[in-house]
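**Q** heads up, no residue letters with this:
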Ligand SMILES: Cc1cc2nc3c(=O)[nH]c(=O)nc-3n(C[C@H](O)[C@H](O)[C@H](O)COP(=O)(O)OP(=O)(O)OC[C@H]3O[C@@H](n4cnc5c(N)ncnc54)[C@H](O)[C@@H]3O)c2cc1C
Ligand code: FES
Ligand code: FES
């Protein structure tokens, strides 16, 4: 049997009501992941509840932390002045997500809820220590984003829950004098491709001393991965070539990459090591100027 | 393939400047509605998965893949397809002409998508660099001409449109 019903609630409250009426319904955002899965018969839903008309889930607002509505498109993220100025690492990653046609409809919430290890917005948000607001008809809970990802394709969301907002704390904004700097790297087989490996780094230094290090890697583990051992190594220490070499070694040790059609696991591990070295060297050079 | 669930939904939108309204199965894609319900076969289906860009149309000013766009979402929106680029005298638009002049078309299968992606780009950024052109067309594959002539066609279109302004 093919075909499904398609409903377009105008509010989250209405979305929850529809979900209660049709528990087997799936939520759909921009559909750039889900429509492909439906075409390939990986899923055969009887009903879809589209979040595209829910105004509450749209847009970017600064209230201390930056609140990004889950239905904000990847293109909107890239165009947003606040994001460009304060969180360039997320904008850089967003620019590398798919094609322009995809970015115009793909949403931030969909990228995260699809829970792919290669989701391009995940690693920048992890290093920015983002939090996620999850809501169902009973209420809202706030979790660190890192807790959202359980396994490939599986988030910690209950079936009746919606990711409503992503929060980025103000203290990680790139500001003059804060010593916060960030970088994003992605390697695909061709320019438009899912990542073979990717890396986001946030570094806060005082002089040569690392006050804060956040590193997250994509496509090298079942879910987007914080490299906490590398972070612990760097924090409190002075940047040096030998420290960077050690960070690279630890990063290569921390990842659990698989071999698939895009790349061998070995190559993925190597690339992450190269990225860690290159990222730290680049950010170190930036601090000296 | 089993029997189709017959779940119809009413949609009304602006297509190439004209209002249309019709009843479609809820699981149809915008691509199906254009090609099969409305008979506008200029928009092509290559991969059906967002990879090739042959199905590119413009919805509310932005290029999208019609193969991934659920038909019910088009309700109330403005859609422009390759058929909508001709002017009232049935003349090809500037972008279409420069694609022809630059030899950017061989089999022509990718051309409607390429041209719609180009239109969306030039509407937003009338004077793009080559790098910006290539970035904007990253989601459009051509298996015939090579991309050099296509980038040339876009550059030439930008110049001609600039002179008209
Ligand atoms: C050609 C092509 C290229 C691509 N390239 C890239 C790439 O380079 N990098 C990359 O990271 N991704 C890429 N993608 C994947 C995809 O475009 C992104 O993951 C996109 O951000 C998904 O967002 P969406 O709104 O389209 O999600 P949808 O397909 O609508 O949803 C994805 C999943 O999340 C669930 N969901 C969505 N929103 C919510 C919510 N608010 N609350 C709860 N559940 C929700 C849905 O139920 C569904 O299971 C590509 C896809 C295609 C087709
Ligand atoms: S047919 Fe839509 S992108 Fe290929
Ligand atoms: S002209 Fe044949 S695919 Fe582009």
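**A** Nice, I can see it. Quantities reported herein were computed from a predicted structural model and do not represent experimental measurements. Numbers count the residues shown, from 1 in each chain, chains lettered A, B, ... in the order given. Ligands and ions are numbered 1, 2, ... in the order given.

**Q** Mind checking the pLDDT average for stretch A:15-32?
**A** Taken as a whole, stretch A:15-32 has an average pLDDT of 97.

**Q** of all of the stretch 151-289 of chain A, which residue lies closest to ligand 2?
**A** As assessed by C-beta to the nearest ligand atom, ligand 2 sits closest to residue A:192 within the stretch 151-289 of chain A, at 11.5 Å. Just so you know, the C-beta spots here come from the backbone N, C-alpha and C atoms, and that holds for glycine as well.

**Q** actually chain A, not the one I wrote
**A** For chain A, C-beta to the nearest ligand atom, closest residue to ligand 2: residue A:101, 7.3 Å.

**Q** I figured the residue of the stretch 151-289 of chain A closest to ligand 2 hits residue A:98, correct?
**A** Yes - between residue A:192 and residue A:98 there is a contact at 6.6 Å, judged by C-beta atoms under 8 Å.

**Q** Tell me the residues that contact both of these two, please.
**A** The contact sets of residue A:192 and residue A:98 overlap at residue B:139 (C-beta atoms under 8 Å, 6 or more residues apart in numbering or on different chains).

**Q** So residue A:169 is in contact with residue A:127, correct?
**A** No - taking contacts as C-beta under 8 Å, residue A:169 lies outside contact range of residue A:127: 11.7 Å.

**Q** Give me the more crowded residue out of the two.
**A** Taking other C-beta atoms under 10 Å in any protein chain shown, residue A:169 and residue A:127 do not tie; residue A:127 has more neighbours (26 against 13).

**Q** Contacts only, for the more buried one.
**A** A:89, A:172, A:182, A:200, A:201, A:202, A:214, A:215, A:216, A:226.

**Q** again, 7 Å this time
**A** A:89, A:182, A:200, A:201, A:202, A:214, A:215, A:216 (C-beta atoms under 7 Å, 6 or more residues apart in numbering or on different chains).

**Q** what are the bridge partners for the second one, then?
**A** Residue A:182 has the following beta-bridge partners by DSSP bridges: residue A:202.

**Q** And the longest helix along chain A, what does it pack against?
**A** Identified as the longest helix of chain A according to DSSP state H is helix A:265-288. Under the contact definition 3 or more C-beta pairs under 7 Å, 6 or more residues apart in numbering or on different chains; DSSP states H and E, helix A:265-288 sits against strand A:180-187, strand A:197-206, helix A:241-254.

**Q** of all these, which gets the most neighbours per residue?
**A** strand A:197-206 (a mean of 25; mean count of other C-beta atoms under 10 Å in any protein chain shown).

**Q** Over in chain B, which residue gets nearest chain A? Let me know.
**A** residue B:139 (2.2 Å; C-beta to the nearest C-beta).

**Q** what about the nearest residue to that residue once chain neighbours are set aside, how many residues close to it?
**A** Excluding the flanking residues, the one nearest residue B:139 by C-beta to C-beta, 6 or more residues apart in numbering or on different chains is residue A:99, at 2.2 Å. Using other C-beta under 10 Å, residue A:99 has 25 neighbouring residues.

**Q** Contacts only, for residue A:99.
**A** The contact partners of residue A:99, taken as C-beta under 7 Å, 6+ apart, are A:192, B:53, B:138, B:139.

**Q** out of those, what pair is the most spread apart?
**A** Pairwise distances across these peak at 9.9 Å for A:192 and B:53 (criterion: C-beta to C-beta).

**Q** and the two? which has more neighbours close in?
**A** Higher neighbour count among residue A:192 and residue B:53: residue B:53, with 29 against 19, using other C-beta under 10 Å.

**Q** For the residue nearest the centre of chain A, give me the pLDDT.
**A** The residue lying closest to the centre of chain A (C-alpha atoms, centre = their mean) is residue A:122, at 1.4 Å. At residue A:122, the model reports a pLDDT of 97.

**Q** Is it possible to get CSV of the helices and strands packed on helix A:265-288 that adds mean pLDDT and distance to ligand 2?
**A** CSV is the format used below for those (pLDDT from 0 to 100; distance: least, C-beta to the nearest ligand atom, whole Å):
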stretch, mean pLDDT, distance to ligand 2
strand A:180-187, 94, 21
strand A:197-206, 95, 23
helix A:241-254, 96, 36
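
**Q** Alright, calling it a day.
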